[in-house]
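Visitor: what shape does this take:
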Amino acid sequence: MPKINAVSRHVIASLIAAAGVCAMPAHAQSYPSKTIRLIVPFAPGGPNDFLGRLVGQKVTEQLGQTVVVDNRGGAGGTVGMDVAAKAPGDGYTLAMGGTSNMAIAPSLYKKLPYDPVKDFTAIINVAHVPYALAVNPTVPAKTVKELVALAARKPGNLSYGSSGTGSVSSLAAELLNAMSKVSIVHVPYKGTAPALTDVVAGQIDMMFADLAVIQPHATAGKLRVIAVTGAKRLASAPRLPTIAESGLSGYDVSPWFGVVAAAGVPRDVVARLNAVIAAGLKSADAQQRLNTLGYELIGGTPEQFAATIRSDVAKYGKVIRTAGIKADL
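Guide: Residues are numbered from 1 along each chain as shown. The predicted model follows:
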């Protein structure tokens, strides 16, 4: 009798498992059946490219299917994102989107060829690059409150550098201007490096930039880091206060990079990609590589990433309109 029961249980379990497989959508069972293309909308070498290649490696390891990284730089990352938006919504063309080309571009450019909310399927928010506010040591301000007070006393006297008009570094400063009702003058540069060089030299007073880029100058005593820009303190720099807790409640600039695909990707394929990328990024080697560059893993669900895109489009759109920033595509 026990033997019959055991056999019966085995048969029933097998039938249930078979029924489950049959119930799965056909694309869930077969995906991926061919090479996956991952568009990186910038030239090789930057954070977008680094994260894209890390994601590609982990998807290849997890799914056993080749992921080819396709660098499509141009127009601040919008060229590559346009290519991704017009690809079939089948999950075989992915893209590494970011704050600049997904959240800022819609308000910055008059003729953006894609809609970051309607034309894409959010898959997973990979990581954010911690930003910080640094000033030249000659600036008599050691906190954000002191900096704002100084700017209020001397309107137009302080200046900030950025990696270009409409960049995250410029909008971080313009959000500070808007929320504190001060006027710190913008001096745009063609990239972070030349702007940072002039802050160190004292040609301009301050800059918002990647903390990992700023930190070596701060360690050498050539810059003073006074706050980080995200909603919470960084695990890698717990002593640095946020701008929000330094007097500007609600201030939050957290540049992110995440994986998206064209609209219409089946939900089960989205769920599978989200799961395998999340698992891959939690691996020891991926964590070590992220930590080395100071990037912080975000993860989360596709729905959470989609909500971040929508909220950031609205937030940066308001900053751009308030500051009167314009750019042509």
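Visitor: and the strands in the stretch 151-300 of the chain?
Guide: In order along the chain, the stretch 151-300 of the chain carries the following strands (DSSP state E, counting those that start in this stretch): 159-162, 185-188, 206-210, 224-228, 256-262, 296-299.
Visitor: among the ones you listed, which is nearest S236?
Guide: Proximity of the strands of the stretch 151-300 of the chain to S236 was assessed by C-beta to C-beta; the nearest stretch is strand 296-299, lying at 7.9 Å. Every residue, glycine included, has its C-beta placed from N, CA and C.
Visitor: and the helix or strand following that closest one, average pLDDT?
Guide: Beyond strand 296-299 in the direction of the C-terminus, DSSP states H and E gives the next helix or strand as helix 302-323. Taken as a whole, helix 302-323 carries a mean pLDDT of 96.
Visitor: which elements pack onto helix 302-323?
Guide: helix 105-108, strand 120-128, helix 168-180, strand 256-262, helix 267-281 (3 or more C-beta pairs under 8 Å, 6 or more residues apart in numbering; DSSP states H and E).
Visitor: I'd like the ones you listed laid out as JSON lines, including mean pLDDT, mean neighbour count and distance to H186.
Guide: Listed next are the helices and strands packed on helix 302-323 as JSON lines, based on pLDDT from 0 to 100; neighbours: other C-beta atoms under 10 Å; distance: least, C-beta to C-beta, whole Å:
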{"stretch": "helix 105-108", "mean pLDDT": "94", "mean neighbour count": "22", "distance to H186": "14"}
{"stretch": "strand 120-128", "mean pLDDT": "97", "mean neighbour count": "24", "distance to H186": "23"}
{"stretch": "helix 168-180", "mean pLDDT": "96", "mean neighbour count": "23", "distance to H186": "6"}
{"stretch": "strand 256-262", "mean pLDDT": "98", "mean neighbour count": "26", "distance to H186": "23"}
{"stretch": "helix 267-281", "mean pLDDT": "97", "mean neighbour count": "18", "distance to H186": "35"}
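Visitor: adding distance to N48, write those out as JSON lines.
Guide: Putting the helices and strands packed on helix 302-323 into JSON lines (distance: least, C-beta to C-beta, whole Å) gives the following:
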{"stretch": "helix 105-108", "distance to N48": "14"}
{"stretch": "strand 120-128", "distance to N48": "10"}
{"stretch": "helix 168-180", "distance to N48": "12"}
{"stretch": "strand 256-262", "distance to N48": "6"}
{"stretch": "helix 267-281", "distance to N48": "15"}
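Visitor: columns distance to F42 on top of the strands of the stretch 151-300 of the chain, output as JSON lines?
Guide: Supplementary listing: those in JSON lines, determined by distance: least, C-beta to C-beta, whole Å:
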{"stretch": "strand 159-162", "distance to F42": "17"}
{"stretch": "strand 185-188", "distance to F42": "19"}
{"stretch": "strand 206-210", "distance to F42": "14"}
{"stretch": "strand 224-228", "distance to F42": "24"}
{"stretch": "strand 256-262", "distance to F42": "10"}
{"stretch": "strand 296-299", "distance to F42": "19"}
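Visitor: nearest to A237, out of those?
Guide: Using C-beta to C-beta, those put strand 224-228 closest to A237, at 6.7 Å.
Visitor: mind listing what's buried along that closest one?
Guide: Neighbour-count burial for strand 224-228, counted by 16 or more other C-beta atoms under 10 Å, picks out 224-228.
Visitor: quick one: which of those residues is nearest I309?
Guide: Closest to I309 out of those is V228 (22.2 Å), distances taken as C-beta to C-beta.
Visitor: the closest one: what's it in contact with?
Guide: V228 sits next to 130-133, 211, 234, 237, 240-243 when contact means C-beta atoms under 8 Å, 6 or more residues apart in numbering.
Visitor: repeat that for G264.
Guide: Contact analysis of G264 by C-beta under 8 Å, 6+ apart lists 89-90, 121.
Visitor: now the closest residue to D119 other than its chain neighbours. Its backbone dihedrals?
Guide: Of all residues not flanking D119 in the chain, A85 sits nearest, at 4.2 Å (C-beta to C-beta, 6 or more residues apart in numbering). A85 adopts backbone torsions of phi -60, psi -30, taken as degrees, to the nearest 10.
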